[in-house]
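A.B. asks: my questions concern the predicted model and sequence given below.
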Amino acid sequence: MAPPPHEVKRDVQNSLTSPATFIGFGLHSGAPVRMVVRPAPVDHGIWFRRVDLTDCDPMVPAHWNAVTPSRLCTVVENASGVSVSTIEHVMAALAGSGIHNALIDVDGPEVPILDGSAVPFVEGFLSAGIDELEAPVRAVRVLKSVEVRDGEAVARLDPAEMLEIDFRISFEDSAIGTQTRRLNMANGAFVRELSDSRTFCRQVDVDAMRQAGLALGGTMENAVVFMGDRVLSPGGLRHADEPVRHKMLDALGDLALAGGPILGRYTGDRAGHALTNRLLRALFADPTAWSVVDCGPQTLGKLPGVGVHAGDLPAVRH
């Protein structure tokens, strides 16, 4: 018997019902950009399409093995050298909304930063509607522990029944300090707890990036800026621990490049985009460390974004 119309079939792939359009500026380039996230069929996955280019292959896969080195954001590139950068927030929003298939048209090399969090993307996706497709979700199950390190930074995946993210950060600035948080990502937890947490930086880092020609689109409205014991951004924090929540948001976006939802526990200690990608590369380099599973009834409610609705969106934002 088919479920009633209001009941979500939790083991099926999803896409959008209609396109969702986002207009803004690139965080690092400062250039205006228009992005349209379009519906896509079963097993399409997530792809970017550079609609501003006509003389080369414009299709760029949102996949771990297409990531190119970048210290400040996540960049994917195809074999022709066409790239799209700062994709982590929209990828987190797709994963956290349970969207497995989408074609993302973008008219420049960088995704719009919007308010510096993932919540504008989630709002756009929910407004566009989420469409259920008649095919099972294929998840990546972690079978044994994998860990990578870079100095004091650590990223690790361990077997678990559902995706959990455990993160720790530590900064000299007392307004940030040491923060830790752990979250089971099922049942709309990403949308409720993490989606509105903005990217953050220290004023000294802003000055250095500007001198290097980066962060040209950054403002006090799309990033939380700290200096010592002060929060410089107007309106202050959305959460007392907004920085660590944002790092968890970034981690979900980077893990979404696995090609399917991950069933496992991610632990990050001072980890960033590059280290999380190294972790995925280490995982997939060991065929005994993972398997692909079709998600049936036994995984009900275990995947990020299952049954997400507008009521899960954070009630208060500055």
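C.D. replies: Ah, there it is. Residues are numbered from 1 along each chain as shown.
A.B. asks: tell me where the stretch 101-250 of the chain has strands.
C.D. replies: Under the criterion DSSP state E, counting those that start in this stretch, strands of the stretch 101-250 of the chain are mapped to 102-106, 130-142, 146-150, 153-158, 164-170, 178-184, 200-202, 224-227, 230-231.
A.B. asks: just send those back as JSON lines, with mean neighbour count, mean pLDDT and distance to T54 too.
C.D. replies: All C-beta atoms are positioned from the backbone trio N, CA, C, and that covers glycine. Formatted as JSON lines, those follow (neighbours: other C-beta atoms under 10 Å; pLDDT from 0 to 100; distance: least, C-beta to C-beta, whole Å):
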{"stretch": "strand 102-106", "mean neighbour count": "22", "mean pLDDT": "98", "distance to T54": "14"}
{"stretch": "strand 130-142", "mean neighbour count": "18", "mean pLDDT": "94", "distance to T54": "30"}
{"stretch": "strand 146-150", "mean neighbour count": "16", "mean pLDDT": "98", "distance to T54": "39"}
{"stretch": "strand 153-158", "mean neighbour count": "20", "mean pLDDT": "98", "distance to T54": "39"}
{"stretch": "strand 164-170", "mean neighbour count": "20", "mean pLDDT": "98", "distance to T54": "40"}
{"stretch": "strand 178-184", "mean neighbour count": "15", "mean pLDDT": "97", "distance to T54": "43"}
{"stretch": "strand 200-202", "mean neighbour count": "20", "mean pLDDT": "86", "distance to T54": "36"}
{"stretch": "strand 224-227", "mean neighbour count": "20", "mean pLDDT": "91", "distance to T54": "38"}
{"stretch": "strand 230-231", "mean neighbour count": "15", "mean pLDDT": "92", "distance to T54": "45"}
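A.B. asks: out of those strands, flag the one nearest S15.
C.D. replies: Proximity to S15 (C-beta to C-beta) singles out strand 130-142 among the strands of the stretch 101-250 of the chain, at 5.1 Å.
A.B. asks: counting by contacts, list what that closest one packs against.
C.D. replies: strand 12-16, strand 262-263, strand 290-295 (3 or more C-beta pairs under 8 Å, 6 or more residues apart in numbering; DSSP states H and E).
A.B. asks: what number of residues lie near the closest residue to L114 other than its chain neighbours?
C.D. replies: Spatial nearest neighbour of L114, chain neighbours left out: P120 (4.3 Å); criterion: C-beta to C-beta, 6 or more residues apart in numbering. Using other C-beta atoms under 10 Å, P120 has 22 neighbouring residues.
A.B. asks: and for F25?
C.D. replies: There are 20 residues near F25, going by other C-beta under 10 Å.
A.B. asks: tell me the pLDDT of the residue nearest to it when sequence neighbours are not counted.
C.D. replies: Of all residues not flanking F25 in the chain, G217 sits nearest, at 4.1 Å (C-beta to C-beta, 6+ apart). The per-residue pLDDT reported for G217 equals 76.
A.B. asks: contacts only, for G217.
C.D. replies: Residues in contact with G217 (C-beta atoms under 8 Å, 6 or more residues apart in numbering) are F25, G26, L27, H28, S29, G30, A31, I113.
A.B. asks: next step: those residues restricted to helices.
C.D. replies: In helices, judged by DSSP state H, none of those are found.
A.B. asks: for ChimeraX, what selects the buried ones among these?
C.D. replies: This is how ChimeraX selects the buried members of the contacts of G217, with burial counted by 16 or more other C-beta atoms under 10 Å:
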select :25,26,27,28,29,30,113
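A.B. asks: does L53 touch G81 like I think?
C.D. replies: No. With contact defined as C-beta atoms under 8 Å, L53 does not count as touching G81 (10.7 Å).
A.B. asks: between those two, which is the more surrounded one?
C.D. replies: Set side by side, L53 and G81 show more neighbours around L53, with 14 against 9, by other C-beta under 10 Å.
A.B. asks: and the more buried one, what does it touch?
C.D. replies: Here L53 is in contact with V82 (C-beta under 8 Å, 6+ apart).
A.B. asks: verify the assumption that it is located in a strand.
C.D. replies: No. Judged by DSSP: H, G, I helix; E, B strand; the rest coil, L53 forms no part of a strand; its state is coil.
A.B. asks: where's it relative to S29, distance?
C.D. replies: Distance, L53 to S29, using C-beta to C-beta, to the nearest Å: 15 Å.
A.B. asks: how about D269?
C.D. replies: Using C-beta to C-beta, D269 is found at 31 Å from S29.
A.B. asks: below-threshold pLDDT in the stretch 151-300 of the chain: ranges please.
C.D. replies: Residue ranges of the stretch 151-300 of the chain with pLDDT under 70: 214-216, 300.
A.B. asks: leaving out chain neighbours, which residue sits closest to V42?
C.D. replies: Nearest non-adjacent residue to V42 (C-beta to C-beta, 6+ apart): A135, at 4.2 Å.
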